[in-house]
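# Okay, here's the prediction I keep looking at, along with the sequence it came from:
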Amino acid sequence: MLKEIPERITYAQEKLIKLIEERKLRKWCLENGLSHSTIYKLATGEKLPSYPIVCSMSHLVPPIEWLFYTDEQIPYETQTVLPLEPGKECRYVAAHRKDYREMAKKYGLTEIQAYNIIIGRKKPNLTFIRQTCEEVNPIEFFIPSDEAEKKTTVPEHGDIASIKGKNFLVLSEKEQNEKNGTFIACPVASDENGIPLVCDCNVSGNVQMCGITSFPVKINPLILGKATAETVDAVTKEVINENKKFLQETKMKQFEYMTPETVVKSYEDAKTGYTTANGRLERVEKFTGSFNAYLNKLGKEGWEFQAVGGNGFGVFGKREIQERTNTNSWQNSVSR
């Protein structure tokens, strides 16, 4: 027996209730791999629809029909779409990566709530999606972002960048980041050591110079805000001092070094069959192995590698020079 139906129902509920009245709901659920009890409760209003549930049914019930009641006019064309794969970024989120603060103010969210939606830590609820309907077709929440149209964010000197939920202070200049395809940053952590971060966003902690590392620009970091010039200058000076100290400690022996971005570039060069040697481009046999296999190959040539920052995003290379000949190899990344 059909339970009492709420006075006001959505278009989606109306469809499900019709299936119940026709005694077809159970069969429909079995055919589509859905839980009959869950769908029944959604139809009768005992259970509120969540974003994951609407996504999972988006090929069967147009998502917009969960947002509007039958006494309202649906402002956009109703359409079904393939379910958005778990972990995939939707088009709306991709379009608002840089303006999540404005999004928070406009729709009554806290900055943390908006930030969590943007990085995928939390899913948007249907109330929020309904609010956005005045400006955007809600289907944007249920289709994947177009990778071809997604613009890559190139971090700038002093940016606070969020990468996989961790925060970093960017030290390298934007021009160099664009040219090299990588950027250099120090992690921000709650550790007592380091330089206190002062910035214009809700990020706190100390900048850890010992964790300096490089990242590929293509990871498209979320920029949270900007550190003060004083903070950036203090961190930069400390990094330079630490680097000088390291070089002085190894001065008695002759070494050549590869920065993380240079290691990646040399690997890319090796895959194309060219490499820089003695200051010029030379044709070599193409390397077809993985990045780790390439590191093992260089290891046999005397190179030692160490993960930078302990997060697997880069490796720093060092090799002792047995004979001091022309040491212009690896070009700008070699330090002595």
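Cool, the structure landed.

# which one is residue 216 nearest to, not counting chain neighbours?
Spatial nearest neighbour of residue 216, excluding adjacent residues (CB to CB, 6 or more residues apart in numbering): residue 182 at 5.6 Å. For every residue, glycine as well, the C-beta is placed using N, CA and C.

# That neighbour: neighbouring residues, count only.
Per other CB atoms under 10 Å, the neighbour tally for residue 182 reads 23.

# Could you export the one helix or strand residue 113 maps to as PDB, CA atoms only?
Assigned by DSSP states H and E, residue 113 belongs to helix 111-118. Taking C-alpha atoms only, helix 111-118 is exported to PDB below (Å, rounded to 0.1, in the frame of the first residue of the first chain):
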ATOM      1  CA  GLU A 111      34.800  29.900   2.800                       C
ATOM      2  CA  ILE A 112      35.600  26.500   4.200                       C
ATOM      3  CA  GLN A 113      32.400  25.000   2.800                       C
ATOM      4  CA  ALA A 114      33.000  26.500  -0.600                       C
ATOM      5  CA  TYR A 115      36.700  25.400  -0.600                       C
ATOM      6  CA  ASN A 116      35.700  21.800   0.400                       C
ATOM      7  CA  ILE A 117      33.300  21.700  -2.600                       C
ATOM      8  CA  ILE A 118      35.900  23.000  -5.000                       C
END
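
# hang on, residue 76 in a helix?
No. Counting by DSSP: H, G, I helix; E, B strand; the rest coil, residue 76 falls outside a helix, being coil.

# List the contacts of it.
The neighbours of residue 76, taking CB atoms under 8 Å, 6 or more residues apart in numbering as the test, are 64, 133, 137, 138, 139.

# mind running it again at 7 Å?
Residue 76 makes contact with 64, 137, according to CB atoms under 7 Å, 6 or more residues apart in numbering.

# for this protein, which helix is longest?
helix 229-249 (DSSP state H).

# Need the contact partners of that helix.
157, 158, 169, 171, 186, 195, 197, 198, 207, 209, 212, 335.

# Quick check on the residues you listed: which are buried?
Using 16 or more other CB atoms under 10 Å as the burial test, those include 157, 158, 169, 171, 186, 195, 197, 207, 209, 212 as buried.

# and the gap between the spatially closest residue to the second one that is not a sequence neighbour and residue 207?
I take that to be residue 158. Spatially, and ignoring its direct neighbours in sequence, residue 158 is nearest to residue 232 (4.6 Å; CB to CB, 6+ apart). Look at residue 232 and residue 207: by CB to CB, to the nearest Å, they are 9 Å apart.

# Then residue 10?
49 Å.

# Also residue 238?
Distance from residue 238 to residue 207, by CB to CB: 9 Å.

# overlap in contacts of those two?
The contact sets of residue 238 and residue 207 overlap at residue 195 (CB under 7 Å, 6+ apart).

# what's the helix or strand for the nearest residue to residue 56 once chain neighbours are set aside?
Leaving out its chain neighbours, the residue that sits closest to residue 56 by CB to CB, 6+ apart is residue 83, at 5.5 Å. Under the criterion DSSP H and E, no helix or strand holds residue 83.

# got a list of what residue 83 touches?
55, 56, 58, 59.

# Tabulate these (TSV), appending distance to residue 143 and secondary structure.
Listed next are the contacts of residue 83 as TSV, based on distance: CB to CB, whole Å; DSSP: H, G, I helix; E, B strand; the rest coil:
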residue	distance to residue 143	secondary structure
55	10	helix
56	14	helix
58	9	coil
59	12	coil
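
# Just the buried ones from these?
Neighbour-count burial (16+ other CB under 10 Å) is assigned, among those, to 55, 56, 58.

# now that we're looking at the last one, how far away is residue 84 from it?
According to CB to CB, residue 58 stands 7 Å off from residue 84.

# Equivalent analysis for residue 18, please.
Distance from residue 18 to residue 84, by CB to CB: 26 Å.

# ok, now residue 159?
Residue 159 is 29 Å from residue 84, by CB to CB.

# So those two - more neighbours on which side?
Set residue 159 next to residue 84 and count neighbours by other CB under 10 Å: residue 159 wins out with 25 against 21.

# how deep is the closest residue in space to the more buried one that isn't next to it in sequence tucked in, by neighbour count?
In this structure, residue 159 finds its nearest non-sequential neighbour in residue 170, 4.3 Å apart by CB to CB, 6+ apart. Other residues within reach of residue 170, judged by other CB under 10 Å, total 25.
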